[in-house]
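Chemist: the following comprises the amino acid sequence and a computationally predicted model.
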Amino acid sequence: MARILYIEDNQDNITLVERIVTSRGHEFMSANDAEKGLQMAFDVHPDLILLDLGLPDADGQTLSVWLRNDPTLESVPIIVLTAWPEEVARHTVEAYNLDGYLCKPFTLAQLVQTIDKVLNKKSS
Amino acid sequence: MTIELIPADRFSLQELTDLYNQTRVDYLVPMPMNASRLGDYVHDFDIDLAQSCVARSADGEALGLCMLGVRHHQTWITRLGVLPAARRSGAGGALMDCMLENTRALGVMEIQLEVIKNNLPAYNLFLRKQFIETGEYLIIRRAPHLSPEPLHGDVDWLDTDKALEALQSYPHPLTWINAPESMQNAHDVEGLHLTLPDGSAGWLVYRNTKFTLRSTLSHLIIHTKQGNPNEVGTQLLLNLHTHYPHHDTYAENIHKEDAHLPAFQTLSYFENFSRIEMIRSSNI
């Protein structure tokens, strides 16, 4: 079981992802903006972060830098969930040294598969 | 459909934020805001909420909104958005007509706006309202990392006053968000001036925005006073990123033909999206 933090401003998306994540036996928590997300990451030290790039206070890219700059959080894998076009998402993941991405709309199977892949890589 | 247009200053920032976010749920470029960020936007970009509008249906349902930045010689149309369910109802056109009429009433001659490239419904609306294209601008960003390039030259770091003084001397047009008025309003402007051993010189002005826990660099504007823009720009950016090695950075509205673009590329900036600038006269 992993502790998964989802940083996303859309409550419908949070509710849906929470159902999927908890149904797989993981612990789920969420924050609806970048600053709350950063604070929660400091507080709970998640095993995985799901990150929306379009947040209301600071960009998801900027938040990923804040997370990576902290020695206690720098190795936490980050998967980007975004409405950006795939090319931008891919370039962002490469440039910001993130661990994966899913472009909305994505299927629930894709979400489960991506989470499992990143968690398995982390534990191996 | 009967559309009622109401001045936006009759709504709270939170109400305007909620409406704006609802209009952008399916947007090409996701750009949600919170009330604090919208408040900064209104302040920094001289948005006059009394001249901005919310569109409502006859039964009081919000349909969309549009904001107007006002300066002595220009207005700027921004944050135009219509709820997905209210598209093709004429709300967008009604909001635009309201902005054009408000601009005329203010006695301002020039109206400008930017539209995300490939947002064809909005672009076509603006063409119908007799706006013409004046340029394409890039939004580029860079993740922090150490650059192996060596530093050259003498650097003077500019405080806010000196940075704004440099910006006043910029010889090319700047879009609304990078204009000296916007940068002066923002209160977080800094800069650096560089002189290279061969006499080449230039400056870089930027915003260093503080959040509660961290900060980020944005709104970069580079000018080469003398010498090769690529070499001067590269050294300016190298000095900036050496000084701020852990900061995320993005530059908004860099002209597609800006001679410093190769320097940005050398420093690993990549394109996020682009905007088309359009203008029209208010007396057409």
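Modeler: Received, thanks.
Chemist: surely B:Leu196 touches B:Gly233?
Modeler: No: B:Leu196 is not in contact with B:Gly233 according to C-beta atoms under 8 Å; the separation is 11.3 Å. C-beta: built from backbone N, CA, C; applies to glycine.
Chemist: between the two, who's got more neighbours?
Modeler: Taking B:Leu196 and B:Gly233 together and counting by other C-beta atoms under 10 Å in any protein chain shown, B:Gly233 has the greater number of neighbours (27 against 17).
Chemist: what about the strands in chain A?
Modeler: Along chain A, the segments classed as strands by DSSP state E run A:3-7, A:27-31, A:48-52, A:78-82, A:100-103.
Chemist: now those strands in JSON lines, with distance to B:Ser200?
Modeler: Rendered in JSON lines, the data for these read as follows (distance: least, C-beta to C-beta, whole Å):
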{"stretch": "strand A:3-7", "distance to B:Ser200": "44"}
{"stretch": "strand A:27-31", "distance to B:Ser200": "47"}
{"stretch": "strand A:48-52", "distance to B:Ser200": "41"}
{"stretch": "strand A:78-82", "distance to B:Ser200": "40"}
{"stretch": "strand A:100-103", "distance to B:Ser200": "40"}
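Chemist: number of residues surrounding B:Asp44?
Modeler: Around B:Asp44 there are 20 other residues, counting by other C-beta under 10 Å.
Chemist: so where's the stretch 1-150 of chain B uncertain?
Modeler: Filtered on pLDDT under 70, the stretch 1-150 of chain B yields no residues whatsoever.
Chemist: could you find the closest non-adjacent residue to the closest residue to chain A within it?
Modeler: For the stretch 1-150 of chain B, the nearest residue to chain A under the criterion C-beta to the nearest C-beta is B:Pro30, separated by 3.0 Å. When the adjacent residues along the chain are set aside, B:Pro30 lies closest to A:Gly54, with 3.0 Å between them (C-beta to C-beta, 6 or more residues apart in numbering or on different chains).
Chemist: now the strands of chain A in TSV, with mean neighbour count, distance to chain B and mean pLDDT?
Modeler: As requested, the strands of chain A are exported to TSV (neighbours: other C-beta atoms under 10 Å in any protein chain shown; distance: least, C-beta to the nearest C-beta, whole Å; pLDDT from 0 to 100):
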stretch	mean neighbour count	distance to chain B	mean pLDDT
strand A:3-7	23	12	98
strand A:27-31	19	13	98
strand A:48-52	24	8	97
strand A:78-82	23	7	95
strand A:100-103	19	11	95
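Chemist: quick one: contacts for B:Phe211?
Modeler: Taking C-beta atoms under 8 Å, 6 or more residues apart in numbering or on different chains as the definition of contact, the neighbours of B:Phe211 are A:34-35, A:57-58.
Chemist: follow-up on the earlier one: residues contacting the residue nearest to B:Pro30?
Modeler: Shown here is A:Gly54, whose contacts under the criterion C-beta under 8 Å, 6+ apart are A:9, A:60, A:82-84, B:30-32.
Chemist: from these, which two are the most distant?
Modeler: Checking these against each other with C-beta to C-beta, the farthest-apart pair comes out as A:Asp9 and A:Trp84, at 14.7 Å.
Chemist: by neighbours, which of the contacts of B:Phe211 wins?
Modeler: When neighbours are taken as other C-beta under 10 Å, the top entry among those is A:Ala34 (28 neighbours).
Chemist: alright, calling it a day.
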